[in-house]
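Student: Sequence unavailable; structure follows:
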């Protein structure tokens, strides 16, 4: 170790020397040793091993001193002519060594007096008047020097190592050590030893002494900054190579997705068509696993090189569990963990949008593909556990939990914020424009025209994609999505209530009158902005249906991952005592994927509209407004009922969901605020019964309309009657008996038969045209 330390110091001094003034053809490049990191690593490793196994070394040298050195020294001085003082010193050496207890190595042995006596003996025997000349007895000098070294290995090992491995002079050659470190990082064979440069910084403090105490702070900070720089640079290099490796691995992982199989099938079909036309087939698409075929084992792809460099840097950080520099403890592994957190977060954010898109184009990735990418990315990170001691599950838990939170709580965009914003923007925009409608039969949103650009509603809102979305976002993310959705619904509700306020006087008259007093034509003329009111109601109902789809998807995910917890929550919600406030049980049930009568997020969003006694009257008139506005849609040709989706073409069937959800949440807030004294179930049933009476009355008015011109314009009467039956299915507080009391069920049956007969007629017409 002493020779290796001297070699390093010699190299550093010659590197810093200006050889031009000596007229020698030598440059600094002659003193650049690419393998110096291995030499430093060897010095550091040996010193650490000696410190670790010092008890074993101590036992060995204690036994050697007593059983070998003592006997040899006694043999040398047996017939040794020495004066009295020198003879007493030599005798004391033998007595000290012969009295060692080799069975008790824990005993503190102090050989400092023996070494001082040896120096005194040298002083006595090196003067010209001494009778005993040490230079004439070479064997004694060699034996005593050996004994001195062996005693230092017993009681002064730290001081001995400090003298042998002291590299503190490197503190004054910072440019050399930084250049050497940079070259070490560039080579794969030396990169595993790069952390040793941070260990060298712990030697810098040895340059200080007690006669100049003001240097301690300056040199200490310098050594800490340099050690931090070396560790951070090593971690950054490992992160850089890992990022390149992850990108290539993700490209390979996407070849295992079903979409790639569909691409292969389409390509094979196109090739058959080209062969039939005697055209040149397209070049074959490389299959998964083609990259593993090599003619020689030594042939390395760019991914193999990135992987090798990444492993070498990770091994460097895994060399030392901790490093002490000027009373500061560094943990090299924590540096790479910090950078892995950043990399995992950044890679997720980079793959949220499709290739070639971005936040401006809003071409977000399908949830199933994004989930597949996450699985591939996690597989790459799990591989790191084979090369460095770290807990990748902690990284996944922390980062993926951050991506279920709002964007303002995290350093960058999250999955929850991006998917929530994209889904709500797209749905609200296309529902308003009438390009998509909700299909209760298929439990997703569908496009009216299959060639509609920009948004494939069936692809993004089907059950599989929403389950993948719930799997990624989890209960926290779905809760955040629900809160944002209800905030948007609240804005539409506010607009609807303002319209109700404008028509308040006329609605009060409609509530108190019978169906004969106000014909349908008069209502359509006197109601202000009733079309805008109903469009807002349709948007709200469609968003509520999307909320139901996401909660249902969350239920299926939680059922697979935590079935026992889900059953416990359901049991608690089902068997709750009547006197307990259901707010917390409802929130728990919603987080587990269960539907409740009053959605907690919607209750919180519309709470400000249920604060006083006038609010109750306003919401009652709201139901009246819906009841008298719905029959007016019979004049709209887009209100046709489409049997393939079991819904209306203009999303009119979403009105029943809007009325049911809003009524449940409104009356829940009124009961909780004390404005309603009766129980919630009683208030809800009474409110929904009144609404059903009024809407049934106005529907029957369509059947008995006397105005012949208006009777000709009414084309979607049957489609509107079917909406009544859907209201009963959507609400837990309306029964078929209540509907039968207000609206004859015979008319409903005839409406269903008429709708399905029209479907058969259209099919036969299309077949005849073909």
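Tutor: On my side now, so go ahead. Computed from a predicted structure; not experimentally measured.
Student: Show me the shaky parts of this protein.
Tutor: Per-residue confidence for the chain (pLDDT under 70) gives these ranges: 18-24, 26-29, 297-298, 355-362, 408-411, 450-454, 514-524, 702-715, 759-770.
Student: what about residue 389, helix or strand, and which?
Tutor: Using DSSP states H and E, residue 389 sits in no helix or strand.
Student: isn't residue 339 right up against residue 239?
Tutor: Yes - counting by CB atoms under 8 Å, residue 339 does reach residue 239; the two are 4.2 Å apart. The C-beta positions use only the backbone N, C-alpha and C, and glycine is treated the same way.
Student: Now do the strands in the stretch 101-250 of the chain.
Tutor: Counting by DSSP state E, counting those that start in this stretch, the stretch 101-250 of the chain forms no strands at all.
Student: ditto for the stretch 351-500 of the chain
Tutor: Assigned by DSSP E, counting those that start in this stretch, the stretch 351-500 of the chain shows strands spanning 436-439, 444-447.
Student: Of the ones you listed, flag the one that's most buried.
Tutor: Comparing these by mean neighbour count (mean count of other CB atoms under 10 Å), strand 436-439 comes out on top with a mean of 25.
Student: Parallel or antiparallel, which strands does that strand pair with?
Tutor: Next to strand 436-439 in the sheet, as set by DSSP bridges, lie strand 444-447 (antiparallel).
Student: Out of the strands of the stretch 351-500 of the chain, which is closest to residue 569?
Tutor: Residue 569 lies closest, by CB to CB, to one member of those: strand 444-447, at 26.5 Å.
Student: Mind checking the strands of the stretch 351-500 of the chain for the one nearest to residue 331?
Tutor: Using CB to CB as the measure, strand 444-447 is the one of these that comes nearest residue 331, at 49.9 Å.
Student: how far does the closest one sit from the chain's center?
Tutor: From the chain centre to the centre of strand 444-447 is a distance of 30 Å (CA atoms, centre = their mean, to the nearest Å).
Student: residues in contact with it?
Tutor: Residues from elsewhere that reach strand 444-447, judged by CB atoms under 8 Å, 6 or more residues apart in numbering: 427, 435-439, 455-458, 461-463, 542, 546, 549, 645.
Student: Could you do stretch 118-136 as well?
Tutor: So stretch 118-136 is contacted by 81-83, 85-86, 89-90, 93, 140-141, 144, 147-148 (CB under 8 Å, 6+ apart).
Student: what do you get if the cut-off is 7 Å, keeping everything else the same?
Tutor: Outside stretch 118-136, the residues that touch it by CB atoms under 7 Å, 6 or more residues apart in numbering are 82-83, 85-86, 89, 140-141, 144, 148.
Student: Please apply the same query to stretch 489-503.
Tutor: So stretch 489-503 is contacted by 507, 527-529, 532-533, 536-537, 539-540, 543, 602, 605-606, 609, 618, 621-622, 625 (CB under 7 Å, 6+ apart).
Student: buried residues in that stretch?
Tutor: Across stretch 489-503, burial judged by 16 or more other CB atoms under 10 Å covers 489-490, 492-493, 495-497, 499-500, 503.
Student: ok, the closest residue to residue 105 other than its chain neighbours to residue 313 distance?
Tutor: Of all residues not flanking residue 105 in the chain, residue 59 sits nearest, at 4.7 Å (CB to CB, 6 or more residues apart in numbering). Distance, residue 59 to residue 313, using CB to CB, to the nearest Å: 39 Å.
Student: Give me the more crowded residue out of those two.
Tutor: Applying other CB atoms under 10 Å to residue 59 and residue 313 shows that residue 313 carries more neighbours, namely 28 against 14.
Student: tell me the contacts of the residue nearest to residue 216 when sequence neighbours are not counted?
Tutor: The shortest distance from residue 216 to any non-neighbouring residue, by CB to CB, 6+ apart, is to residue 208 (5.1 Å). Residue 208 is in contact with 215-216, 219, counting by CB under 7 Å, 6+ apart.
Student: List phi and psi for residue 208.
Tutor: Note on residue 208: backbone dihedrals following degrees, to the nearest 10 are phi -80, psi 160.
Student: how close does it get to residue 169?
Tutor: According to CB to CB, residue 208 and residue 169 sit 13 Å apart.
Student: again with residue 279
Tutor: 76 Å.
Student: Out of the buried residues of stretch 489-503, which sit inside helices?
Tutor: In helices, defined here by DSSP state H, the members of those are 489-490, 492-493, 495-497, 499-500.
Student: Distance to residue 570 added to those residues, as JSON lines?
Tutor: Converted to JSON lines, those look like this (distance: CB to CB, whole Å):
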{"residue": "489", "distance to residue 570": "26"}
{"residue": "490", "distance to residue 570": "29"}
{"residue": "492", "distance to residue 570": "32"}
{"residue": "493", "distance to residue 570": "30"}
{"residue": "495", "distance to residue 570": "37"}
{"residue": "496", "distance to residue 570": "34"}
{"residue": "497", "distance to residue 570": "35"}
{"residue": "499", "distance to residue 570": "40"}
{"residue": "500", "distance to residue 570": "37"}
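Student: before we move on, the earlier item: among the contacts of stretch 489-503, which ones are buried?
Tutor: Buried members of these, scored by 16+ other CB under 10 Å, are 507, 527, 533, 536-537, 539-540, 543, 602, 605-606, 609, 618, 621-622, 625.
Student: can you tell me the helix or strand for residue 740?
Tutor: Using DSSP H and E, residue 740 falls in helix 736-742.
Student: circling back to that earlier point, among the buried ones among the contacts of stretch 489-503, which one sits closest to residue 264?
Tutor: The closest of the buried ones among the contacts of stretch 489-503, once distances to residue 264 are taken by CB to CB, is residue 543, at 38.7 Å.
Student: correct me, but residue 526 touches residue 505?
Tutor: No - applying CB atoms under 7 Å, one finds residue 526 not in contact with residue 505, separated by 10.2 Å.
Student: quick one: which of these two has more around it?
Tutor: Between residue 526 and residue 505, counted using other CB under 10 Å, the more crowded position is residue 526 (13 against 9).
Student: which one is the more buried one nearest to, not counting chain neighbours?
Tutor: Leaving aside its sequence neighbours, residue 526 sits nearest to residue 506 (CB to CB, 6+ apart; 5.6 Å).
Student: Pull the number of nearby residues for the one you found.
Tutor: Using other CB under 10 Å, residue 506 has 18 neighbouring residues.
Student: Enumerate every residue touching residue 33.
Tutor: residue 11.
Student: Using the three-state scheme, assign it.
Tutor: Put simply, residue 33 is coil when judged by DSSP: H, G, I helix; E, B strand; the rest coil.
Student: Give me the phi and psi angles of it.
Tutor: The phi and psi values for residue 33, taken as degrees, to the nearest 10, are phi -100, psi 110.
Student: Would you quantify the distance from it to residue 176?
Tutor: Taken as CB to CB, the span from residue 33 to residue 176 is 11 Å.
Student: if I pick residue 625, what's in contact with it?
Tutor: With contact taken as CB under 7 Å, 6+ apart, residue 625 is in contact with 500, 503, 507, 533.
Student: Which one of those residues is nearest to residue 670?
Tutor: Using CB to CB, residue 500 comes nearest to residue 670 of the contacts of residue 625, at 16.3 Å.
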